[in-house]
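*Asks:* Quick one: sequence plus predicted model below, questions after.
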Amino acid sequence: MEPTKVVLLDLPPEILTHVLLYLPFTSVVACKGINHHFMTLISESAELQYYIHLGISGLVDNPLCDISISERLDRLLARERRWKELDFDFEKTVDVPFPAQRDSSKLTGGVFFIGDRVFRYADLPSEPDQEVEWKEVRTTQTTVGKGFCVYKHDLYLLITIGQPQAMTQTRAGHEIQLHLNQLSSGEPHPDAQQGIISFITPEEFGEPYASVEIAGDNLILILWDYHEWAVYRPDDRVYIYEWKTGKLKMSLSAPFRSYTGILSLTTDTFILPNIKMGELEYWRIPQSPSEVTPYPFFTLSLPQLRSDKIYDFIACRSEPGPINGSWDASKPFHSNPYHAIAIFGVSIRFAAYPQHLPYLTFIVHRRSLVRYSDKFPASVSSNTRPDPIPYDEWGPPACRWFNAENSLWIATISGQRYITPASLAVDGAPLVLFNFNEMDVARFLASAKHNPRPNTPVGGVRMITRGCQFTTEEGEVSSKTYEVPPSALLDPMIRSSSKPRPYTKAVIRPWDPLNDMENCFEGVVHSSLPYLVQTSVGRYKFDGLLLDEERILGIELKDWDRITSVHILHYG
C-alpha cells in the first residue's frame with residue numbers, strides 16, 4: 001500500500017499557522033504570494049500578523065504577559081503608528097522638588113533615577129492617570145557608580161567607596177562595596193546571597209569613578225580615576241562578579257585611563273573600548289577564575305588618529321541589554337536586544353595639553369558587533385593579544401558617525417531609535433528622532449516609490465534617494481543591497497493619515513565621509529548605516545532629551561546642570 005501523501009494546503013488552518021510560525025517573518029510575508037489561500041490565512045490570522053509586525057518593528061514577544069494576541073497586535077500597531085508620526089497619546093510634567101544634577105541621572109526599564117548619596121527614583125507612567133511617586137534611598141557613604149537590571153531582576157546596584165586604608169607602609173587601598181538591592185522594595189535583593197559584596201582595591205584612587213554593566217547573573221565593574229591630570233595615576237581595575245553568589249570570576253588591571261565604558265554583547269561576552277589602544281576589545285566572561293585569560297579574544301580598531309591627538313573618553317550604551325529568560329510580565333512586547341543599536345560617545349583631545357575637541361558619536365547594531373568575531377575567525381585568539389581588524393574592514397558598512405555637541409546625556413537611544421534636539425532657539429526646537437530599523441527604511445522607500453512624483457513630498461514624506469534599493473549591513477564584512485520588500489510590507493499609515501506628520505527623510509549615503517572639522521583622524525572616516533530621520537512638527541524648550549521603549553523625556557534645567565522638571569511624552 002502506498003503511503004498517504006500529505007498536502008500542505010489540506011492541513012487545518014491552526015496547524016498550518018503553527019507551521020508558518022517556525023519560519024522567519026520575512027518568509028511568512030513571502031508566503032502570501034503563493035496563492036489566495038495563503039494570502040487569506042496570513043492576512044486574517046491575528047497570530048501571524050502579530051508575528052510579522054514584531055519582526056518588522058524589531059520587537060520580541062513577552063510570553064509572561066496574559067494579554068490576548070489580538071490585543072497585543074492592536075497595541076503594537078498603535079504604538080508603531082504613534083512613533084512614526086511622533087504623535088504621543090499623553091503628556092505629563094513631573095516636578096523635581098529636590099536638588100538633582102543632570103550628570104547623576106539615568107533612565108532604564110521605565111524608571112528614572114537621580115542622585116548619589118540621596119538616591120531617588122520614580123516609575124514612569126504608562127497611562128495618563130498614573131501618578132508619579134518619588135522614592136528615596138539614603139547612604140552616608142560616597143557613591144561612585146550605579147547599575148540597574150530592572151526588567152529581568154528588579155535590581156539596582158549602588159557602588160560606594162570608603163576612605164583609603166593602609167595596606168603596607170607605602171601603599172593604601174579603598175574598600176569598595178557593591179550594594180545589591182531590590183528596586184520594588186528598596187531592601188537587599190532576595191536572590192543575592194550577600195546583600196553587600198566588599199573588596200579592597202590594591203591602589204589608592206584620587207577621584208574614583210565606576211562603570212558597571214549587569215548581564216544576566218554577571219556584574220561587570222570598572223574602577224578608574226576621573227582626574228586625568230593627577231600626579232598619581234592608578235591602574236584601571238576590572239572585576240566580574242556573579243552577583244547572586246558573590247563569587248569573583250575575573251579581575252584584571254590596565255594602564256591608567258584605558259577603560260571608561262562597558263558594552264554587553266551577550267550574557268557571556270562584552271566589549272571594553274580601550275582608549276589607550278584605540279580599539280574595541282572583546283572579552284568572555286569565564287565560568288570560574290581558573291578560566292581567565294589576560295587578553296581579549298578579539299579586537300576591532302577605531303579610526304586612526306593623527307599623531308597630535310588621542311582618544312580621551314569613550315562612553316557606550318545599548319538598551320535593552322542582553323537578557324535570558326523572563327521579562328516584566330506587565331509588558332506584552334519589548335525591543336529585541338540582539339537588534340538594538342549601540343551608541344559610542346567619543347571624546348578626543350590634543351595629546352600635549354587638555355584641550356578637548358568636538359564630541360563625536362557613532363551608532364552600530366549590537367548584532368553586527370556580535371557577528372564580527374565569526375566573520376574574522378583567523379583574528380580570534382585565546383593565548384595572545386589578537387591583531388585588531390582595521391576600521392576600514394569592519395566599520396563603514398556597519399556604522400554611522402555624527403558630529404555632536406559634547407553631552408552628558410547617554411540615555412538617548414532605545415531599541416533602534418536615537419533622539420537628539422535640533423539647534424536650540426528662543427522659541428524652542430523640534431525633536432529629531434533617528435530610526436535605524438532597516439525594515440522601516442525599506443518600507444519608507446517603497447511608499448515613496450509608489451507615489452507618482454517620487455521627488456516631491458508624499459503626505460509629508462520626502463524621498464532623497466534614487467530608486468528603491470538601499471545599502472545596509474547585517475553582520476557581513478561588506479555591504480549588501482536589499483530590494484524593497486513586496487507591497488505586503490508597505491506601511492498603510494504613511495498613506496492614510498490626514499494629521500500633520502513630522503518631516504521624514506531617508507538617509508542612504510554609502511561610504512559617507514565624516515566632517516573631520518578639527519583634523520582628528522589620519523584618514524577619511526566613512527560610514528554607511530542607513531536610517532530615517534524624523535523632525536517633529538511641534539517645538540519644545542527642553543535642555544536635554546532621554547529616550548526609552550515607551551516615551552521621550554524632555555529635561556528642564558536651571559543654572560545649566562540642575563534638573564527642575566521632567567516632561568513625559570508617551571508613545572506606548
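*Replies:* Thanks, I have it. Here the structure is a predicted model, which is why all the values come from computation and not from measurement.
*Asks:* okay, CA-based contacts and neighbour counts for the rest of this
*Replies:* Will do.
*Asks:* Would you pull up how far stretch 550-563 lies from the middle of the chain?
*Replies:* Taking CA atoms, centre = their mean, to the nearest Å, the mean C-alpha location of stretch 550-563 is offset from the chain mean by 20 Å.
*Asks:* do stretch 279-288 as well
*Replies:* Mean-position distance between stretch 279-288 and its chain equals 19 Å (CA atoms, centre = their mean).
*Asks:* residues in contact with that stretch?
*Replies:* With contact meaning CA atoms under 8 Å, 6 or more residues apart in numbering, stretch 279-288 is reached by 240, 249-250, 268-274, 292, 295-302, 388.
*Asks:* Kindly report the same for stretch 310-322.
*Replies:* With CA under 8 Å, 6+ apart, stretch 310-322 has contacts from 108-109, 215-216, 259-267, 273, 275-276, 278, 335-338, 340-351, 366, 410-411, 413-415, 548.
*Asks:* hmm, 6 Å instead?
*Replies:* Contact partners of stretch 310-322, identified using CA atoms under 6 Å, 6 or more residues apart in numbering, comprise 261, 266-267, 275, 337, 342-349, 351, 414-415.
*Asks:* From those, pick the one nearest residue 431.
*Replies:* Nearest to residue 431, judged by CA to CA, of the contacts of stretch 310-322 is residue 414 at 15.4 Å.
*Asks:* does that closest one have beta-bridge partners, and which?
*Replies:* residue 417 (DSSP bridges).
*Asks:* Out of the contacts of stretch 279-288, which sit inside helices?
*Replies:* Residues of these located in helices (DSSP state H): none.
*Asks:* so of the residues you listed, which ones are in strands?
*Replies:* Counting by DSSP state E, those place 240, 249-250, 269-274, 298-301 in strands.
*Asks:* Check the residues you listed against residue 137 and report the nearest one.
*Replies:* Once CA to CA is applied, the member of those that ends up nearest residue 137 is residue 240, at 25.3 Å.
*Asks:* Helices of the stretch 401-550 of the chain, start to end?
*Replies:* Secondary structure of the stretch 401-550 of the chain (DSSP state H, counting those that start in this stretch): helices located at 438-449, 492-496.
*Asks:* Which one of the ones you listed has the poorest average confidence?
*Replies:* Mean pLDDT values for the helices of the stretch 401-550 of the chain show the minimum at helix 492-496, a mean of 43.
*Asks:* if I look at the nearest residue to residue 221 once chain neighbours are set aside, how far off is residue 317?
*Replies:* Leaving aside its sequence neighbours, residue 221 sits nearest to residue 212 (CA to CA, 6 or more residues apart in numbering; 4.5 Å). Separation of residue 212 from residue 317 (CA to CA, to the nearest Å) stands at 11 Å.
*Asks:* Which helix in the chain has the most residues?
*Replies:* Of all the elements of type helix in the chain, the one with the most residues (DSSP H) is helix 69-85.
*Asks:* Check the average confidence over the helix or strand following that one, would you?
*Replies:* Per DSSP states H and E, the first helix or strand lying C-terminal to helix 69-85 is strand 90-95. Per-residue pLDDT over strand 90-95 has a mean of 95.
*Asks:* residues of strand 90-95 that come out buried?
*Replies:* 90, 91, 92, 94 (16 or more other CA atoms under 10 Å).
*Asks:* buried ones in the longest helix of the chain?
*Replies:* In terms of neighbour count (16+ other CA under 10 Å), helix 69-85 has its buried residues at 69, 72, 73, 76, 77, 79, 80, 81, 82, 83, 84, 85.
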